[in-house]
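J.: Make a model of this:
(chains A and B)
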Amino acid sequence: MKPFVVCEGTAAPILQSNIDTDMIIRIERIAQLSRGELGHWAFETWRYTDNGEHNPDFILNREPFTRACILIAGANFGCGSSREMAVWALEEFGVRCVIAPSFGDIFFSNCIQNGVLPVILSEVQVQQLARQAQSGIAVRVDLQAMLVSCDQLPDMCFTLAEGARQSLLQGRDEIGQTLMYGQNIGDFQARDRQLRPWVYGLE
Amino acid sequence: MASTMLDKIWDAHVVAQLPGDVSLLHVDRHLMHELTGVEALRNVARRNLPVHSAALTFATLDHVTSTRPLARDGDEPWSTRMIQAMRTQTTEHDIRLFDVDDGRKGIVHVIGPELGLTLPGFTVVCGDSHTCTHGAFGALAWGIGSSEVTHVLATQTVRQRRPKTMRINFHGAVSDDITAKDMILHLIGKLGAAAGTGFAVEYAGPAIRALDMEGRMTLCNLSIELGARQGMIAPDDVTFKYIEGREFAPQGAALARAIDAWRKLPSNEGAHFDHEVDIDSTAIRPTVTWGVSPEHATAIDACVPDPDRDCGLDRRDAWRGALDYMRLTPGQPINSIAIDRVFIGSCTNSRLSDLREAAKVLRGRHIAAGRQGWVVPGSLQVKRAAEREGLDRIFVDAGFEWREPGCSMCVGANGDMVAPGQRCVSTSNRNFIGRQGPGALTHLASPAIAAASAVAGYLVAPYMLQERGL
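T.: Predicted coordinates for the structure are as follows:
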């Protein structure tokens, strides 16, 4: 996994609340395409017209936002389906960080698994940042310092659970880490088999 | 000390405490389906990781399988390939797959409980957000992404931070025509689609205790639409009776021993919840959605709301956009909305009691001219049980198509879609823009309302049929 330390660049405001993962990537794409082929289809309902042309009204089709590496979103971003392909699609489009007042819980975990940083700021801060970003000026997100900054605004600090933060900073492989607890897992199952045999008696 | 049910289940599953408030939790049941399963199984193979506890993982085919009568695989070459890959990979890793010709096949959240795989006190995960359904048994059950699925396959554990706790108390009793679907849509309409974010929700109160297991599953199924990854209901005698005799559940003395343990699961008197919500169950009316989020819910005898009058400034633009997409006008009575088709199915409402509820409305009646109706049972067991009762005849005589089990038109992964601009009354769980197909207009409702709407050709409750001479 690619480590996340700092991301600096264009930030695209998409401020509707409750943007669901179906909207980020449609079911046909996740069923019929592979990882690596999804970026083109991120937000396809908004990004393309019925005849497949770029919809000029959608922000990600306008310069400089075609190169956005940060999204500034409304509350409950990424709610709904657990499809991790929503994060893959954003990442393939070039997004490394999403800033919103709140996130769907499963989407939030999926971001951490893929080196994409979800930043929670207050509604007011998100609105202020979106107003500045609208002009195309760069936004900088620093996970080491836990700060979001851009010209014209005071720095905004955010928090993230330390476990998730370290995973992102180090680009850590969680499976490798967990396998070091192999003995604990074995011990747990041996003990649990006595306490709750009905978990394991599946013949 | 007084503990919540969440705390008890959580503490019983901690394999190790990791840095940064993260617990490594044992997974008792890992459920898989082909849409997210194939990629995860390929991942463990690619990394040369053995599957840690294959006996605790169970796989089914539901998302991309065809629901055409007598179908075996997918409707398209790509879906058939995915299904075949699932067969090969589960065989390779020694994971049990309920294949299309296995009588136990069906939607993952229908068969887990049906087969006795889901039991009280369990941790249940699946690469599917509606895994919260299994919380109906007093299990801690939640949806995970593909990376976490790979992690579970390789380690039989998940890394989790403990969620905050919310108890939602349904006080009083609901009236006779109110179903679990109405209760949960009413709740989401009241609290909003993000109210449960960061929480594990426990549903409590007399109106919850009065629900049968299938109603409890419907209710817990929509927890994720409230924003909560997990929704749960304390197990009781209704739960234990449901479990008895199920294929993978303990039997006899083993069951008695398990029940003794399960009786200790409910939250203790005086346990602290981070947040409590009180709902007056007597105020709940038959409820449907009018917009593009499950929080856009209202009583079926109400009118389409007015964004300029009925919501705060923060929601005004979203409501206007929703009405625009749904082609509705503020103030229009909900029961004057003409519909094109009806879908009865999905992990929310495709169980035997759901089909009975719909069939009760349809007996001796027929779908309105020009409307289409589908019934997609949740599993082969549900389908066969319904056929034994003659429910399939009632549906077919009423003009419905009686199909093979699968997720079908809830999500359209297999190609079962609502056409652009078509308006569908659906017993599923999501009315998101394009969820049932690009440009599809979805109204979420109970099976009874879906059936009544098919007959009327308009979005109506069963009691409105008589008024219309139907």
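J.: Which secondary structure state does the closest residue to chain B within chain A sit in?
T.: Going by CB to the nearest CB, chain B is nearest to A:Gly163 of chain A, at 2.9 Å. Where you see a C-beta, it was placed from the backbone N, CA and C, and this is true even at glycine. What DSSP: H, G, I helix; E, B strand; the rest coil gives for A:Gly163 is helix.
J.: Pretty sure it sits against B:Ser23.
T.: No. In this structure A:Gly163 lies outside contact range of B:Ser23 using CB atoms under 8 Å: 10.0 Å.
J.: Overlap of the contact sets of those two?
T.: Contact criterion CB atoms under 8 Å, 6 or more residues apart in numbering or on different chains; residues shared by A:Gly163 and B:Ser23: B:Arg159, B:Arg161.
J.: For the residue of chain A closest to chain B, grab the count of nearby residues.
T.: Using other CB atoms under 10 Å in any protein chain shown, A:Gly163 is surrounded by 20 other residues.
J.: now swap in the one 5 residues further on and tell me
T.: Neighbour count of A:Leu168, defined by other CB under 10 Å: 24.
J.: State the helix or strand in which it lies.
T.: helix A:162-170 (DSSP states H and E).
J.: check which helix or strand covers the nearest residue to B:Leu465 once chain neighbours are set aside.
T.: Closest residue to B:Leu465 apart from its sequence neighbours, by CB to CB, 6 or more residues apart in numbering or on different chains: B:Ala452 at 5.6 Å. Per DSSP H and E: B:Ala452 is located in helix B:447-456.
J.: what does that helix contact?
T.: Here helix B:447-456 has contacts from B:177, B:179, B:181, B:286, B:288, B:300, B:339, B:342-344, B:349, B:354-355, B:357-362, B:365-368, B:371, B:373, B:398-400, B:425-427, B:445, B:459-462, B:464-465, B:468, B:470, using CB under 8 Å, 6+ apart.
J.: And those, which of them are buried?
T.: B:179, B:181, B:286, B:288, B:300, B:339, B:342-344, B:349, B:354-355, B:357-359, B:361-362, B:365, B:367-368, B:371, B:373, B:398-400, B:425-427, B:445, B:459-462, B:464-465 (16 or more other CB atoms under 10 Å in any protein chain shown).
J.: In helices, which of those residues appear?
T.: The members of these that map onto helices under DSSP state H are B:Lys181, B:Asp354, B:Leu355, B:Glu357, B:Ala358, B:Ala359, B:Val361, B:Leu362, B:Met464, B:Leu465.
J.: Please name the residues that touch the fourth one.
T.: By that I understand B:Glu357. Counting by CB under 8 Å, 6+ apart, B:Glu357 touches B:Thr179, B:Ser446, B:Pro447, B:Ala448, B:Ala451.
J.: with the residues you listed in mind, which one is nearest to chain A?
T.: B:Ser446 (20.8 Å).
J.: For that closest one, the count of nearby residues, please.
T.: 32.
J.: Nearest spatial neighbour of it, chain-adjacent residues omitted?
T.: Of all residues not flanking B:Ser446 in the chain, B:Lys181 sits nearest, at 3.9 Å (CB to CB, 6+ apart).
J.: Could you do B:Ile83 as well?
T.: Leaving aside its sequence neighbours, B:Ile83 sits nearest to B:Asp73 (CB to CB, 6+ apart; 5.1 Å).
J.: How about A:Ile70?
T.: Once flanking residues are discounted, A:Ile70 sits nearest to A:Ala11: 3.7 Å by CB to CB, 6+ apart.
J.: For that neighbour, grab phi and psi.
T.: The phi/psi pair for A:Ala11 (degrees, to the nearest 10) reads phi -120, psi 120.
J.: and residue 117, what does it touch?
T.: Here I'm looking at chain A. Contact analysis of A:Leu117 by CB under 8 Å, 6+ apart lists A:Phe4, A:Cys7, A:Arg96, A:Cys97, A:Val98, A:Cys111, A:Val141, A:Leu143, A:Leu160, A:Leu168.
J.: To clarify, I was referring to chain B.
T.: Here B:Leu117 is in contact with B:Arg29, B:Leu31, B:Phe58, B:Ile111, B:Phe248 (CB under 8 Å, 6+ apart).
J.: Remind me which helix or strand it belongs to.
T.: Under DSSP H and E, no helix or strand contains B:Leu117.
J.: Would you check how far apart B:Ala194 and chain A are?
T.: 4 Å (CB to the nearest CB, to the nearest Å).
J.: Was I right to think that residue contacts A:Ser102?
T.: Yes. Using CB under 8 Å, B:Ala194 is in contact with A:Ser102, at 5.9 Å.
J.: Please list the residues of the stretch 251-400 of chain B that sit near chain A.
T.: Within the stretch 251-400 of chain B, the positions lying close to chain A (CB under 8 Å from any CB of the partner chain) are B:Ala254, B:Leu255, B:Ala258, B:Ala261, B:Ser293, B:Glu295, B:Asp314, B:Arg315, B:Asp317, B:Ala318, B:Gly321.
J.: Which residue ranges make up each domain of the chain?
T.: Defaulting to chain A. Per automatic domain parsing, the structural domains of chain A span A:6-172, A:173-203.
J.: hmm, I had chain B in mind actually
T.: B:5-262, B:288-467.
J.: All the strands of chain A, in order from the start?
T.: A:6-9, A:11-14, A:70-73, A:97-100, A:117-120, A:139-142, A:147-149, A:156-157 (DSSP state E).
J.: again but with the stretch 51-200 of chain B, I slipped
T.: Ranges of strands within the stretch 51-200 of chain B are B:57-60, B:96-98, B:123-126, B:140-143, B:157-161, B:164-171, B:199-204, based on DSSP state E, counting those that start in this stretch.
J.: right, is the first one up against chain A?
T.: No. If you take CB under 8 Å from any CB as the test, strand B:57-60 misses chain A, and the best it gets is 8.9 Å.
J.: Parallel or antiparallel, list what pairs with that strand.
T.: strand B:29-33 (parallel), strand B:96-98 (parallel) (DSSP bridges).
J.: B:Thr133: neighbour count?
T.: 34.
J.: Oops, could you answer that again for B:Tyr242 instead?
T.: B:Tyr242 has 21 nearby residues by other CB under 10 Å.
J.: Can you give me the buried ones in stretch B:60-69?
T.: Applying 16+ other CB under 10 Å to stretch B:60-69 flags B:Thr60, B:Leu61, B:Asp62, B:His63, B:Val64, B:Thr65, B:Ser66, B:Thr67 as buried.
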